[in-house]
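Asker: Fold the following.
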Amino acid sequence: MATKTRATKSASRKSSASKSGAAARKHDDNQLAAAIRDSATQIWLAGVGAFGKARDERNKVFQALVREGRSIQLRTRAMAEERIGEVAGRVSEVREKATESWDKLEQVFEERVSRALARLGVPTSKDVQALIKRVDELTASVQAMGGNVAAKPAAKKARKRAAKKVVPAKKAPRRARKAPSSAGAR
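Answerer: Sure thing, here's the model as predicted:
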């Protein structure tokens, strides 16, 4: 029986040790749950406080954002207007250069056409005007001598014809002569 009591005592010690271990774990779990609850409560209260502060200061923040937006808009507008001014200046410069180049090209073209017409012997409008003036002078001197002169409309027609530019006709290309055929040479 002595062995029986020892075994019972040993089992009883084990059960009390396990009971005290379970109680310790339960106590630790309760402390952990309480710590988590306290932490969650603090986080909740911080959020509620932040919401209240944001609500109180939302107008201040909104006004600050509006001021900053206006400032950015004014700076952006000033930069855009500056760039537009630069581009407009460049466009004016390019336009002037293009106009100058076009005028030079036109002048060169007119000079070349004038030289080509002179080489062909086509009278210029100045030459025609000088001839008309000379014809009018000769007509007046013939009339002063008592001669009979054709009516003025003929002179007007000549002036109209002279005013029109004369464009020389293109010459037809020369045709190659056919060589005599060998049949005709026999």
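
Asker: What segments of the chain are helices?
Answerer: According to DSSP state H, the chain carries its helices in the segments 2-120, 125-145, 153-163.

Asker: export those to CSV and tack on mean pLDDT and mean neighbour count?
Answerer: (Each C-beta comes from the backbone N, C-alpha and C, glycine too.) As requested, the helices of the chain are exported to CSV (pLDDT from 0 to 100; neighbours: other CB atoms under 10 Å):
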stretch, mean pLDDT, mean neighbour count
helix 2-120, 83, 10
helix 125-145, 92, 12
helix 153-163, 55, 12
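
Asker: Neighbours of V122, how many?
Answerer: For V122, the neighbour count with other CB atoms under 10 Å is 14.

Asker: Can you report phi and psi for it?
Answerer: Phi and psi for V122, reported as degrees, to the nearest 10, are phi -80, psi 130.

Asker: how far away is it from A23?
Answerer: 131 Å (CB to CB, to the nearest Å).

Asker: cool, V61 as well?
Answerer: Distance from V61 to A23, by CB to CB: 54 Å.

Asker: Same check on S92?
Answerer: 95 Å.

Asker: With A33 instead?
Answerer: 15 Å.

Asker: swap in V113?
Answerer: Between V113 and A23 the distance is 121 Å, computed by CB to CB.

Asker: What of A54?
Answerer: Here the distance between A54 and A23 works out to 46 Å (CB to CB).

Asker: How about S71?
Answerer: From S71 across to A23, the span is 67 Å (CB to CB).

Asker: F51 too?
Answerer: To A23, F51 is 42 Å away according to CB to CB.

Asker: Over to A140?
Answerer: 149 Å.

Asker: what's the answer for T41, then?
Answerer: 27 Å.

Asker: Likewise for A34?
Answerer: 16 Å.

Asker: E110 now?
Answerer: In terms of CB to CB, E110 sits 119 Å off from A23.

Asker: Check V108 too.
Answerer: With CB to CB as the criterion, V108 and A23 are 114 Å apart.

Asker: now swap in P123 and tell me
Answerer: Counting by CB to CB - P123 and A23 are separated by 134 Å.

Asker: Over to E86?
Answerer: Taken as CB to CB, the span from E86 to A23 is 85 Å.

Asker: Please apply the same query to E93.
Answerer: Distance from E93 to A23, by CB to CB: 95 Å.

Asker: What of L65?
Answerer: 59 Å.

Asker: And T139, by the same measure?
Answerer: 148 Å.

Asker: Ok, A64 next?
Answerer: Taking CB to CB, one finds A64 at 58 Å from A23.

Asker: cool, and G146?
Answerer: Counting by CB to CB, the gap from G146 to A23 is 161 Å.

Asker: now do T99
Answerer: On the measure of CB to CB, T99 and A23 end up 104 Å apart.
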